[in-house]
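# Kindly generate the corresponding structure for this input.
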Amino acid sequence: MEGKDFLRLLSWVSPAFPTGGYAYSHGLEWAVENGDVNNVTSLCQWIEVLLHHGSLQNDLIILQAAWDAGYDPGQLYEVAELACACASSRERYEETVYQGEAFRKAAAVWNIVPKDIIPPDVRWPLPVAQGVVFRYGGVSRQQAVLAGGYAAIAALVSAAVRLVPLGQTDGLRALVSLEAVLQKAAQKTHNLTLEDIGGTCFCADLAAMHHETQITRLFRT
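Have a look, this model is predicted:
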């Protein structure tokens, strides 16, 4: 990947890309308050489990399914509906659709995705929006899953830097530690399908639900 396509991808996974990532913690804010995440090690463990057994693994599967269905509106419709149904709580649902639709709206500046590829009555979860935009933007399937996974990891690490709090250097240490974890997760999900979606990260799912009633909070989720 080189030239214009590579520059586009840098923009789409940049922390400055207006997807609202700074407003969402994926339940991490409750996990920090509850003491489950309190340093670099526990943060990396939390994210690693999500990548291999929870919501982030599902997002990688959904992203690749959306990439595969990129030119088929009917198939994309089904992927988007399933992705919405996979949200384990109200806040998880809002997080994925609000970020997904913000991502789609921001990426529309490049004018590469047909406006009618998904009917207007269907919500756009984030991994679906990423899969479609990456496909039309010339990003390979393998690069797409790594890019989407990296964006999710970077958002959680950024949240933890503010919530725990961690120093910026510790945040970078977390990103370094999670590089191999993401590569392994991408390889694991390469041949998985929507039939393989599921999860056993009950603590993380409950954290997202508890966050709805958390009195003092910085994040929407």
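# In three-state terms, label the most centrally placed residue in the chain for me.
By Cα atoms, centre = their mean, the chain has its centre lying nearest to Ala152, at 4.2 Å. Counting by DSSP: H, G, I helix; E, B strand; the rest coil, the backbone at Ala152 sits in helix.
# Spatially, what comes nearest to it if we skip its sequence neighbours?
Spatial nearest neighbour of Ala152, excluding adjacent residues (Cβ to Cβ, 6 or more residues apart in numbering): Leu56 at 5.6 Å. Quick note: C-beta positions are derived from backbone N, CA and C, even for glycine.
# show me what contacts the one you found?
Ile47, Leu50, Gly149, Ala152, Ile153, Ala185 (Cβ atoms under 8 Å, 6 or more residues apart in numbering).
# Would you state the predicted confidence (pLDDT) at the fifth one?
Read it as Ile153. pLDDT for Ile153: 96.
# I figured it hits Ser177, correct?
No: contact criterion Cβ atoms under 8 Å: Ile153 and Ser177 do not qualify, at 10.2 Å.
# Which of those two has more residues huddled nearby?
Neighbours were counted for Ile153 and for Ser177 using other Cβ atoms under 10 Å; Ile153 has more, 23 against 17.
# Would you check how far apart that one and Val161 are?
13 Å (Cβ to Cβ, to the nearest Å).
# low-confidence ranges in the chain?
Within the chain, the stretches with pLDDT under 70 are 1-2.
# ok, which stretches of it are helices?
Ranges of helices in the chain, per DSSP state H, are 3-12, 28-33, 40-53, 55-68, 73-85, 90-107, 126-136, 141-163, 168-189, 202-210.
# for the second one, packing partners?
To tie it back to what came earlier, the one meant is helix 28-33. helix 141-163, helix 202-210 (3 or more Cβ pairs under 8 Å, 6 or more residues apart in numbering; DSSP states H and E).
# try the third one
With contacts defined as 3+ Cβ pairs under 8 Å, 6+ apart, the packing partners of helix 40-53 are helix 55-68, helix 141-163, helix 168-189, helix 202-210.
# List the contacts of it.
Residues contacting helix 40-53 (Cβ under 8 Å, 6+ apart): 26, 28, 31, 36-37, 56-57, 60, 149, 153, 156-157, 160, 164, 166, 170, 173-174, 177-178, 181-182, 184-185, 188, 199-201, 204.
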